[in-house]
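Asks: Sequence first, then the predicted structure:
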Amino acid sequence: EAQVTQNPRYLITVTGKKLTVTCSQNMNHEYMSWYRQDPGLGLRQIYYSMNVEVTDKGDVPEGYKVSRKEKRNFPLILESPSPNQTSLYFCASSKSGTSGRARDNEQFFGPGTRLTVL
Amino acid sequence: LAKTTQPISMDSYEGQEVNITCSHNNIATNDYITWYQQFPSQGPRFIIQGYKTKVTNEVASLFIPADRKSSTLSLPRVSLSDTAVYYCLVGDALIYNQGGKLIFGQGTELSVKP
């Protein structure tokens, strides 16, 4: 089944304890992205990757890191989590960011990771 | 990236047609309009996409006037299961041309009542 998976789905942690949220897609997609969703603020892009070894900042990158060593994986790293990073996180992927075909930009989202930082 | 404006929330009743309008005054020539639907506790999913005039699929219709400064997502005869947040995105067919960024915004929270 074509899908985007995220782990863990739920996580409660404490301030300053490094954590990684994994994201993996099995559709051979080039483009991958991380979003956070907060009440009243909608979906905001954290980081994105146009392809392997190519990453760039979205609108709210502070406090996060990413890497794209393989095409299928795009982990989100919080080196020193703080309470203001408590949020619902979504990973997404799309076929291409460079094909020029609008439909190739369709974003496929993972199930979400609910993170609480105490 | 063209800025989009859509209502924060809308209420409807089962069986009614719902129209959600998105304003995008600064839409560029190469921009497409895409709508996503997000059910509670799930990630958004693609509903429909268009460039101009009208597009229809099994889920919804998308109406885009000639000036393309707005678009309207139409959901025919909604049911309780259509309760969701609906996002309007405007962006270049080539994401690379907008630096790779995508902006979902706040979306419109549709509540369908019995």
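Replies: Nice, I can see it.
Asks: pLDDT score assigned to the residue in chain B positioned nearest to chain A?
Replies: Among the residues of chain B, B:G43 lies closest to chain A, at 2.7 Å counting by CB to the nearest CB. In this view, the C-beta of every residue, glycine as well, is placed from N, C-alpha and C. The predicted structure scores B:G43 at 94 on the pLDDT scale.
Asks: For it, give me phi and psi.
Replies: When quoted as degrees, to the nearest 10, the phi and psi of B:G43 stand at phi -80, psi 160.
Asks: my guess is it meets A:Y89, correct?
Replies: No: distance between B:G43 and A:Y89: 10.1 Å, which falls outside the contact criterion (CB atoms under 8 Å).
Asks: joint contacts of the two?
Replies: Taking CB atoms under 8 Å, 6 or more residues apart in numbering or on different chains as the contact rule, B:G43 and A:Y89 both touch A:G112.
Asks: On the three-state scheme, residue 88 is what?
Replies: Answering for chain A, as no chain was given. On the three-state scheme (DSSP: H, G, I helix; E, B strand; the rest coil), A:L88 is labelled strand.
Asks: tell me which residues form a beta bridge with it?
Replies: Note on A:L88: beta-bridge partners by DSSP bridges are A:Q37, A:R114.
Asks: Quick check: it touching A:R114?
Replies: Yes: under the criterion of CB under 8 Å, A:L88 is in contact with A:R114, at a separation of 5.3 Å.
Asks: how many neighbours does residue 29 have?
Replies: Using chain A here. For A:H29, the count of nearby residues is 23 (other CB atoms under 10 Å in any protein chain shown).
Asks: To clarify, I was referring to chain B.
Replies: Burial of B:T29, expressed as a neighbour count using other CB under 10 Å, amounts to 7.
Asks: Do you know the pLDDT at it?
Replies: 89.
Asks: Got phi/psi on it?
Replies: Note on B:T29: its backbone torsions stand at phi -60, psi -40 [degrees, to the nearest 10].
Asks: do you know how far it is from B:S23?
Replies: According to CB to CB, to the nearest Å, B:T29 stands 18 Å off from B:S23.
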